[in-house]
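*Asks:* heads up, no residue letters with this:
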């Protein structure tokens, strides 16, 4: 049975966070043009201080949302939602970023994920995340982790369908901003 509060939190927060990153990065990826320090070399690229802070924010949010009791089972349960957030936020960035879109989610375009294998047009780390969450579900006996994966895939499908509307909004707001110093609502 699905506990929807954790899933809703991850879906909404990953969506909003992806939009924040789109505003920060625009047509550039992986914080390449943002004044943040490279901190840890991981997976063929540097995690920046920004990425570390992002992960800490979501870990904190998920732990409080999950009412963590500090047991091994609750730790794994919270970790599964952190992993799901990171996966969703990454894919949503491509879906909603009008400079990329899901059509440009390809190994030869996405340099920061290009050093890993891509299977059926999807980077290996996405499969790894889903597999890890399935293992956590099995170990803990918490089936809502599996349901969360399924509903997240459905959410991504709807996001792909709705993303052209956001692309139009993004272009309108950014074109208006370039013509004026601000937009009055």
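*Replies:* Perfect, thanks for sending it. Keep in mind the model is a prediction, meaning the values are calculated, not measured.
*Asks:* for the chain, give me the ranges with low pLDDT.
*Replies:* In the predicted model of the chain, residues 1-2, 65-66, 68, 177-185 satisfy pLDDT under 70.
*Asks:* and with 80 instead?
*Replies:* Counting by pLDDT under 80, the chain has low-confidence residues at 1-3, 29-34, 42-45, 62-70, 176-185.
*Asks:* that one: helices as residue ranges?
*Replies:* Shown for the chain, the helices assigned by DSSP state H span residues 4-25, 49-65, 72-96, 124-140, 144-179.
*Asks:* quick check, central residue of the protein?
*Replies:* For the chain, the residue sitting closest to the mean C-alpha position, by Cα atoms, centre = their mean, is residue 89 at 1.1 Å.
*Asks:* measure the nearest residue to that residue once chain neighbours are set aside to residue 166 for me?
*Replies:* The shortest distance from residue 89 to any non-neighbouring residue, by Cβ to Cβ, 6 or more residues apart in numbering, is to residue 14 (4.2 Å). Bear in mind the C-beta positions are built from the backbone N, C-alpha and C, glycine included. Residue 14 sits 15 Å away from residue 166 when distances are taken as Cβ to Cβ, to the nearest Å.
*Asks:* between these two, point out the one with more neighbours.
*Replies:* Neighbours per residue (other Cβ atoms under 10 Å) separate residue 14 from residue 166, with residue 14 holding more: 23 against 16.
*Asks:* the more buried one reaches residue 85, doesn't it?
*Replies:* Yes - taking Cβ atoms under 8 Å as the definition, residue 14 is a contact partner of residue 85 at 4.9 Å.
*Asks:* surely residue 59 meets residue 81?
*Replies:* No - with contact defined as Cβ under 8 Å, residue 59 does not reach residue 81; the gap is 9.5 Å.
*Asks:* show me the contacts for residue 43.
*Replies:* By Cβ atoms under 8 Å, 6 or more residues apart in numbering, the contact set of residue 43 is 115-116, 125.
*Asks:* count residues in the vicinity of residue 136, would you?
*Replies:* Around residue 136 there are 21 residues (other Cβ under 10 Å).
*Asks:* distance check, it against residue 10.
*Replies:* Look at residue 136 and residue 10: by Cβ to Cβ, they are 14 Å apart.
*Asks:* same question, residue 56
*Replies:* From residue 56 across to residue 10, the span is 16 Å (Cβ to Cβ).
*Asks:* do the same with residue 176
*Replies:* Per Cβ to Cβ, residue 176 is found 32 Å from residue 10.
*Asks:* the more surrounded of those two?
*Replies:* Set side by side, residue 176 and residue 10 show more neighbours around residue 10, with 28 against 11, by other Cβ under 10 Å.
*Asks:* does the more buried one really touch residue 81, like I thought?
*Replies:* Yes - checked against Cβ under 8 Å, the pair residue 10 and residue 81 is within contact range at 5.3 Å.
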